[in-house]
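Asker: Got a predicted model here, sequence first, then my questions.
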Amino acid sequence: MRIRFLDLFAGAGGLSHGLGGAGLECVYSNEIDPVFCETFKKNHKNVFVDNQDITKINIKENFKKYKGVELVVGGPPCQGFSQKGSRKGINDERNFLFQKFVNVVEIVKPKVFLMENVPNLLTSSNGFFYKQIHEKFSLLGYKVSSSVLNAYEYGVPQKRKRAFIIGHQTNKNFEFPKKEILEINVFDAISDLPQLKSGEGTNFIDYISPPQSEYQKKMRKNSKGIYNHIATNHSKDALEKLSLIPPLGDKNDLPSQLRTKSIYSGTWSRIDPSGPSRTITTRFDTPSSGQFTLNDQDRCLTVREAARIQSFPDSFIFYGNKTSQMKQVGNAVPPLLAKKIGTKILELF
């Protein structure tokens with residue numbers, strides 16, 4: 001059975017890529033950032049990529065041709081949900097983009113929708129916001145459920161928690177995928193990638209060694225080589241600090257006069273390759289932004305290393321400048337997690 005879906009606020013396409021791996025077919029994506037759209041389009045050849053601001057789109061006219069598409073997915077930014085004590089809820093102007101997601105669902109009338117967001121969405125203000133979301137979709141005829149999933153518990157080498165809200169109009173009960181902790185670690189994910197010094201690397205490198213884990217074999221499938229593997233050119237001061245931090249050390253190993261006052265957890269800490277990574281953010285090239293420094297090289301993660309940790313296959317190439325590529329990787333839903341959710345969605349059909 002052909003199950004089609006629309007991807008709103010699609011980013012570079014992590015959610016779409018994973019759902020596609022489960023056998024669902026993306027037919028439309030919407031994303032405001034033109035470079036993100038370039039990455040999406042070049043990695044999803046048969047999808048109509050709509051590079052528009054969704055707030056400027058006539059929802060009724062634009063989406064009526066997709067009426068009957070089986071699934072609508074997306075991660076609308078909902079900044080207003082994190083404001084403790086707010087009672088504006090759904091009506092907070094910062095949640096306007098969430099309203100657009102609802103409007104598309106109302107027009108398309110899919111059998112299923114899937115929304116992804118920060119875990120705080122479900123609990124903020126004693127669950128006030130989630131209750132409003134539940135009510136809004138229930139009025140449209142959907143059975144709504146939610147869960148916070150940690151990507152590490154679904155075969156991704158990273159501790160990353162995200163909230164997923166699903167609604168459907170079937171006579172079945174939806175069950176989120178069961179945890180299957182495979183304990184994939186950072187070493188399993190990236191140990192086969194060439195070592196680099198600060199500032200080294202090119203946009204394409206041939207594989208120089210065989211895969212060293214089953215995870216690496218999976219990531220290499222259908223890829224001609226290694227893309228986006230370029231090390232950040234760290235400053236002289238940064239390199240001096242890194243040279244003083246031992247393989248599993250952190251900022252406390254630095255002389256007091258060199259210690260940073262950064263508020264980020266894990267700042268100037270080296271990654272423990274025997275365990276999962278912390279959450280990949282959009283600034284994984286900077287030692288002061290978190291635990292993104294390799295244990296055996298005086299540099300932070302490359303885009304490809306971060307993409308591996310996010311479970312993007314090597315065949316998925318990122319476009320644009322480094323800042324954009326980091327945002328594309330850091331903002332994405334891990335494709336392997338999305339694939340697991342996709343297989344459960346298929347069961348509803």
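Answerer: Looks like it arrived, so ask away.

Asker: mind showing which ranges of this protein have poor pLDDT?
Answerer: 78-95 (pLDDT under 70).

Asker: Pull the helix ranked longest in it out as CSV, backbone CA atoms only.
Answerer: For the chain, the longest helix by residue count, based on DSSP state H, is helix 120-138. Taking Å, rounded to 0.1, in the frame of the first residue of the first chain, the C-alpha atoms of helix 120-138 are listed here in CSV:
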residue,chain,number,x,y,z
ASN,A,120,9.0,20.5,27.5
LEU,A,121,6.0,20.8,25.2
LEU,A,122,4.3,18.0,27.1
THR,A,123,4.9,19.1,30.6
SER,A,124,5.2,22.9,30.7
SER,A,125,2.7,24.6,32.9
ASN,A,126,1.5,21.3,34.3
GLY,A,127,0.7,20.0,30.9
PHE,A,128,-1.5,23.0,30.0
PHE,A,129,-0.2,23.3,26.5
TYR,A,130,-0.4,19.6,25.7
LYS,A,131,-4.0,19.6,26.9
GLN,A,132,-4.8,22.4,24.5
ILE,A,133,-3.1,20.5,21.6
HIS,A,134,-5.0,17.4,22.5
GLU,A,135,-8.3,19.2,22.6
LYS,A,136,-7.7,21.0,19.3
PHE,A,137,-6.9,17.8,17.3
SER,A,138,-9.6,15.8,19.1
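
Asker: Pull out the buried residues from it.
Answerer: By 16 or more other Cβ atoms under 10 Å, the buried positions in helix 120-138 come out as 121, 122, 124, 125, 128, 129, 130, 132, 133, 134, 136, 137. For glycine as for every other residue, the C-beta is placed from the backbone atoms N, C-alpha and C.

Asker: Equivalent analysis for stretch 35-53, please.
Answerer: 35-41, 43-44, 47, 49-51.

Asker: hmm, who's touching it?
Answerer: For stretch 35-53, contacts defined as Cβ atoms under 8 Å, 6 or more residues apart in numbering pick out 10-13, 16-17, 20, 26-34, 57, 316-321, 324, 327-328.

Asker: at 7 Å what do you get?
Answerer: 10-13, 16-17, 26-32, 34, 316-320, 324, 328 (Cβ atoms under 7 Å, 6 or more residues apart in numbering).

Asker: buried subset of these?
Answerer: Neighbour counting by 16+ other Cβ under 10 Å classes 10-13, 16-17, 26, 28-32, 316-320, 324, 328 among the contacts of stretch 35-53 as buried.

Asker: Which parts of the stretch 1-150 of the chain are strands?
Answerer: Secondary structure of the stretch 1-150 of the chain (DSSP state E, counting those that start in this stretch): strands located at 4-8, 25-30, 48-50, 71-74, 112-117, 143-150.

Asker: measure residue 117 to residue 253 for me?
Answerer: 37 Å (Cβ to Cβ, to the nearest Å).

Asker: hang on, the earlier thing: so can I have a markdown table of the buried residues of stretch 35-53 showing distance to residue 174?
Answerer: What follows is those, written out as a markdown table (distance: Cβ to Cβ, whole Å):
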| residue | distance to residue 174 |
| --- | --- |
| 35 | 35 |
| 36 | 29 |
| 37 | 31 |
| 38 | 34 |
| 39 | 30 |
| 40 | 27 |
| 41 | 31 |
| 43 | 28 |
| 44 | 26 |
| 47 | 25 |
| 49 | 29 |
| 50 | 28 |
| 51 | 32 |
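
Asker: just curious, which of the residues you listed is nearest to residue 348?
Answerer: Proximity of these to residue 348 was ranked by Cβ to Cβ; the top entry is residue 47 with 22.3 Å.

Asker: what's that closest one sitting at in phi/psi?
Answerer: phi -100, psi 140 (degrees, to the nearest 10).

Asker: separation between it and residue 159?
Answerer: From residue 47 to residue 159 the distance is 30 Å (Cβ to Cβ).
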